[in-house]
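Enquirer: coords below, sequence missing:
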């Protein structure tokens, strides 16, 4: 079974990374990966994933203030506590 180029590179990277581990640690890692795969296969995937558009959020902010008033309010709420030490 051949893997796509990017996936093969990722697999090689992790193999090189894990090559220095002891056999006991590798076996523990294998058992944890197997358990996570079993959990993934046991989950039921949703039939259809609903995608939201950024346009769905247009108009969500309700305020009587103008954009300029909101900007001024945000800027006035900023605090600066920078202390410049003399050299």
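Expert: On my side now, so go ahead. Since we're looking at a predicted model, the values are computed, not measured.

Enquirer: Could you check how many residues crowd around residue 6?
Expert: Residues lying near residue 6 (other CB atoms under 10 Å) number 8. Yep, even glycine has a C-beta here, placed from its N, CA and C like the rest.

Enquirer: In terms of helices and strands, where is it?
Expert: Assessed by DSSP states H and E, residue 6 sits inside helix 5-18.

Enquirer: Which SSE is immediately downstream of that helix?
Expert: helix 23-42.

Enquirer: Residues in contact with that next one: which ones?
Expert: Under the criterion CB atoms under 8 Å, 6 or more residues apart in numbering, residues 18, 21 lie in contact with helix 23-42.

Enquirer: what is the orientation angle of it with helix 5-18?
Expert: Angle between the axes of helix 23-42 and helix 5-18 is 140 degrees (criterion: axes from the mean of the first three to the mean of the last three CA atoms, to 10 degrees).

Enquirer: Give me the helices and strands touching the helix or strand just after helix 23-42, please.
Expert: For helix 23-42, the following helix or strand on the C-terminal side (DSSP H and E) is helix 67-77. Judged by 3 or more CB pairs under 8 Å, 6 or more residues apart in numbering; DSSP states H and E, helix 67-77 is in contact with no other helix or strand.
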